[in-house]
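Peer 1: Give the three-dimensional model of this entry:
(3 chains)
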Amino acid sequence: MEKKSQQSKRQSTNGITLVDIWSVQCGECFKWRLIPTEEEFEEIRSKFTKDPFVCSKKPGVSCDDPADIERDDTRTWVIHKPGIPKTPSGFKRRLVMRKDFSKMDCYYDAANGKRLRASTDVLKFLDKFPKFKNDVSLADFSFTGPKIM
DNA sequence: GCCACCGGTGGC
DNA sequence: GCCACCGGTGGC
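Peer 2: Numbers count the residues shown, from 1 in each chain, chains lettered A, B, ... in the order given. A predicted model of the protein is given here:
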């Protein structure tokens, strides 16, 4: 299977699981490059298949530079499916790790406080609040959570 | 076998 | 009464 954009997570001291690192793998040298923000990570991930990430896309970086981070067991790594649409503005895409680390659940929180947990929820939501149809459609959502590695 | 979806429920 | 969280399952 092809290499995919990826994110790592770790456990904080109070037990809440936080995403603290977003990283993607170079399609040429396979080194991991840190991506500073979730927004940039989502942008790369949304186009990953058509437009694979390479080191030179990071300003001032090339494949000759050492990797930003290596995979190890100091954190939990999860791998994202490529092509997930960028989260529509006004929505928050939320990934929640199960306590047993078996999988992550994906939710979208809408601006009006509604929580969507599956694409069927999106359809019901747009039916109930038609004004959102101006901004979003079903294709703007993907509820596929990342895989635990 | 996997995973998207959804029902149930325990704790607040 | 709500909702975060989890388990089960049906469809692929």
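
Peer 1: Count the residues that sit near whichever residue of chain A sits closest to DNA strand C.
Peer 2: Here the residue of chain A nearest DNA strand C is residue A:99; by C-beta to the nearest atom of the strand that distance is 3.1 Å. To be clear about C-beta, it is placed using only N, CA and C from the backbone, and glycine gets the same treatment. Residue A:99 has 8 neighbours, counted by other C-beta atoms under 10 Å.

Peer 1: pLDDT score for residue A:11?
Peer 2: On pLDDT, residue A:11 comes in at 45.

Peer 1: Can you name the residues of chain A that neighbour DNA strand C?
Peer 2: Within chain A, the positions adjacent to DNA strand C are A:96, A:98-100, A:102, A:105, A:115, A:117 by C-beta under 7 Å from any atom of the strand.

Peer 1: same for DNA strand B: which of these are within range?
Peer 2: Among the residues of chain A next to DNA strand C, DNA strand B is touched by A:105, A:117 when using C-beta under 7 Å from any atom of the strand.
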